[in-house]
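[1] I would like the atomic coordinates for the input below:
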Amino acid sequence: MASGLSPPTRFRISGDRALLAVYGEGVDPAVNERVRRMAALVDDLHHPAIEAVVSSYCTLALHYNPQAIGCAELADLLRDLERQLATAVIPEAALVEIPVCYGGEFGPDLDFVAAHNHLDPEEVIRRHSGASYRIYAIGFAPGFCYLGGLDPRIHAPRLITPRLQVAAGSVGIAGSQTGVYPLASPGGWQLIGRTPLCLFAPEREQPVPYRPGDTVRFRPISVEEFARLAQEEHR
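    As a prediction, this is how the structure comes out:
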């Protein structure tokens, strides 16, 4: 990847301990790939003043110790690293399958999403489970993955009034995005199903079974299989 073909990086101060590097706009796989490469290059530095590296759709946030480094110095460091983009080594994207029981008590908004798009609920399930989704970012809650690649025919608006409690494992749609709530939390996405998998477990060596850049596919399952997998997951 040649940085000379990309727009100039823009920098924004984010609070008193973070610098935000902006590499593009919107949901763009090429821009997100640039973000991932920059994150890998920064990680490889093991810079003592950089406390955390947080990547998103088109931005990279560096949380730093202001007593050890300043924003201007940090921006210069990133500009220098951009010259190494083509040689950055990033993890190979993994394919992660997530079983989902659609509709019923697990997907109370499936009928709404179907009616909103003039489709049958079965067609919503077919389209949602038939696509491959790129993980652009993880945030909002530990393990919550923002996925790109949702079929335009099943886009749906957020709820006007968010729910105070969304069950862990709930699969939702909001606009052009889909994602999974790894923990019980408030939320305003249209819920179309639920997975029995535990997607965030801090006691595991890898608390979250995926990372930005990985590919997610959803597999429809029955209520019976949901119960069986849930039982196995919590042994």
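[2] Outline the domain layout of the chain.
    3-87, 95-233 (automatic domain parsing).
[3] Quickly compare those and say which is most buried.
    Using mean count of other Cβ atoms under 10 Å, the stretch among those with the largest mean neighbour count is domain 95-233, at a mean of 18. C-beta here means a position set from N, CA and C on the backbone, and glycine is covered the same way.
[4] How far does the longest helix anywhere in the chain sit from its chain's centre?
    Ranked by number of residues, the top helix in the chain under DSSP state H is helix 29-45. Counting by Cα atoms, centre = their mean, to the nearest Å, helix 29-45 is centred 15 Å from the centre of its parent chain.
[5] Provide the strand pairings for whatever helix or strand comes next after it, with the direction of each partner.
    Per DSSP states H and E, the first helix or strand lying C-terminal to helix 29-45 is strand 50-55. Strand pairing for strand 50-55, using DSSP bridges, gives strand 59-64 (antiparallel).
[6] Only alpha carbons, please: show the partner strand as PDB.
    Output in PDB follows, covering the C-alpha atoms of strand 59-64 (Å, rounded to 0.1, in the frame of the first residue of the first chain):
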ATOM      1  CA  THR A  59      -9.300   6.600  12.400                       C
ATOM      2  CA  LEU A  60      -6.600   5.600  14.700                       C
ATOM      3  CA  ALA A  61      -6.500   6.900  18.300                       C
ATOM      4  CA  LEU A  62      -3.200   6.900  20.200                       C
ATOM      5  CA  HIS A  63      -3.600   7.300  24.000                       C
ATOM      6  CA  TYR A  64      -0.400   8.600  25.400                       C
END
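[7] Pull the residues that contact it.
    Strand 59-64 has contacts (Cβ atoms under 8 Å, 6 or more residues apart in numbering) with 14, 17-23, 35, 38-39, 42, 49-55, 74, 78.
[8] and the angle from it to helix 29-45?
    20 degrees (axes from the mean of the first three to the mean of the last three Cα atoms, to 10 degrees).
[9] Take the domains of the chain and write them to CSV, including mean pLDDT.
    As requested, these are exported to CSV (pLDDT from 0 to 100):
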stretch, mean pLDDT
domain 3-87, 88
domain 95-233, 94
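[10] where's the top strand by length along the chain relative to the chain centroid, distance-wise?
    If you go by DSSP state E, the chain has its longest strand at strand 95-102. Here strand 95-102 is found 15 Å from its chain centre; the criterion is Cα atoms, centre = their mean.
[11] Secondary structure class of the residue of the chain positioned farthest from its centre, three-state.
    Centroid-distance maximum for the chain: residue 67 at 31.7 Å, with Cα atoms, centre = their mean. Using DSSP: H, G, I helix; E, B strand; the rest coil, the secondary structure recorded for residue 67 is coil.
[12] Report the separation between it and residue 42.
    19 Å (Cβ to Cβ, to the nearest Å).
[13] what do you get for residue 71?
    15 Å.
[14] ok, now residue 129?
    36 Å.
[15] and if you look at residue 165?
    Residue 165 sits 37 Å away from residue 42, taking Cβ to Cβ as the criterion.
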